[in-house]
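Student: what follows is a protein structure lacking sequence information:
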DNA sequence: TGTCTATCTGAACATCCGTTCAATTCAATC
DNA sequence: GATTGAATTGAACGGATGTTCAGATAGACA
């Protein structure tokens, strides 16, 4: 096996994260062993510990990097003057993000309970920050009379739950284009807030 | 330990299912050991095998019984003449069911991937049957002009995803009454179908 | 009172788990 | 060609896992 000093690690490190992400998303954190991840990478289990201190940190780093990327992407994407425009931007962004990074998104809401309490707290802070972005849009729209919400927090969570639903089936319906799914969810979201 | 022939089994059997349900829902199927379940019941691990052939069947039976109960409950509850009334009944039923049996519902959509392929297929058939109940309501409403749906299947799944969202937070907001949550979700569901 | 039998224990089975580490490999450097 | 050091192996660690089963226990019945 070829080994170049200081360069092979640049391959193995990301490869481990990619394999762990895919396997965790497919079978669940608890059901995937370190040997299984190593085998997928093409390496022995011991080698993983050159790149992560333990399995728990491997999961945590995947979720943390995902949340950081999600927040940064939204910060770059957010736009719109009116609450309605801002909500449309959010819905499109959210659905698109789910298409592009389905494993990360799926993992981040399925494996929260396998994080240690400390790590859970850190991820939860970021998750709430993202949720607050939507909540702010809905809040402004409700205040301006553009939306009519039964309850701010409940609507925020219900809308995120609805949008996350794409995750469970989007692979099946190959005949629906991403753009049509995006538009449909925007129509339903607009209905939810009675705009 | 007192033991009455032919009667103690009537206690231990259901106790095992209750413990397994709660522990699986809390920590996940793969993360809960048979010894842990036995300890919760107040029995040794070996005794579990008088009531289930193996761990996999224990999970499957929990999900199967839940789905059978869900379908039977809906059959008993379904009512309404117009699509709008039928939809309202469905939304109220679904939200109420989630309140009353949150562990079962949570388990049934978190642990599907830990079922063997055969068992997964059996549960999936029942899950689709339930989904079809909502789809039929939406289909009739769309045909009669009462609803305006972008896509029948997408709307069905998006609505179930939204309603399932209650599971993730309903414990926190103790200040919201069940009735108010029910009404809010009905308002949002009605908006989603543009009724 | 003694027998029967449903119920449960306690110990064992093979196998897997996450993790550690001395020994090895080999590209890069001198 | 010899040396260096990053990258990886392979074997081992203690412990947990699902499952089995001969034997103990104790209520029910003769």
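Tutor: Okay, I see it. Not measured: the values here are computed from a predicted model. Numbers count the residues shown, from 1 in each chain, chains lettered A, B, ... in the order given.

Student: phi, psi of residue A:28?
Tutor: When read as degrees, to the nearest 10, the backbone of residue A:28 gives phi 100, psi 140.

Student: I'd like to know which helix or strand in chain A has the lowest mean pLDDT.
Tutor: Lowest on mean pLDDT, DSSP states H and E among the helices and strands of chain A sits helix A:166-169, with a mean of 87.

Student: packing partners of whatever helix or strand comes next after it?
Tutor: Downstream of helix A:166-169, the next assigned helix or strand under DSSP states H and E is helix A:178-192. Under the contact definition 3 or more Cβ pairs under 8 Å, 6 or more residues apart in numbering or on different chains; DSSP states H and E, helix A:178-192 sits against helix A:83-100, helix A:152-164, helix B:152-164, helix B:178-192. C-beta: built from backbone N, CA, C; applies to glycine.

Student: could I get these as JSON lines with mean neighbour count?
Tutor: Shown next, in JSON lines, are those (neighbours: other Cβ atoms under 10 Å in any protein chain shown):
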{"stretch": "helix A:83-100", "mean neighbour count": "19"}
{"stretch": "helix A:152-164", "mean neighbour count": "22"}
{"stretch": "helix B:152-164", "mean neighbour count": "22"}
{"stretch": "helix B:178-192", "mean neighbour count": "19"}
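
Student: mind checking which of the ones you listed is nearest residue B:105?
Tutor: In terms of Cβ to Cβ, the element of the helices and strands packed on helix A:178-192 nearest to residue B:105 is helix B:152-164, at 7.5 Å.

Student: now the helices and strands packed on helix A:178-192 as TSV including distance to residue A:71 and mean pLDDT?
Tutor: Listed next are the helices and strands packed on helix A:178-192 as TSV, based on distance: least, Cβ to Cβ, whole Å; pLDDT from 0 to 100:
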stretch	distance to residue A:71	mean pLDDT
helix A:83-100	11	97
helix A:152-164	14	96
helix B:152-164	23	96
helix B:178-192	26	95
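
Student: in CSV, list these along with distance to residue A:51.
Tutor: Shown next, in CSV, are the helices and strands packed on helix A:178-192 (distance: least, Cβ to Cβ, whole Å):
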stretch, distance to residue A:51
helix A:83-100, 25
helix A:152-164, 30
helix B:152-164, 36
helix B:178-192, 45
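
Student: and those helices as CSV, adding distance to DNA strand D?
Tutor: As requested, the helices and strands packed on helix A:178-192 are exported to CSV (distance: least, Cβ to the nearest atom of the strand, whole Å):
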stretch, distance to DNA strand D
helix A:83-100, 28
helix A:152-164, 30
helix B:152-164, 27
helix B:178-192, 35
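
Student: next, the angle helix A:178-192 makes with the longest helix seen in chain A.
Tutor: Scanning chain A for the helix with the most residues, using DSSP state H, yields helix A:117-144. On the basis of axes from the mean of the first three to the mean of the last three Cα atoms, to 10 degrees, helix A:117-144 is oriented at 70 degrees to helix A:178-192.
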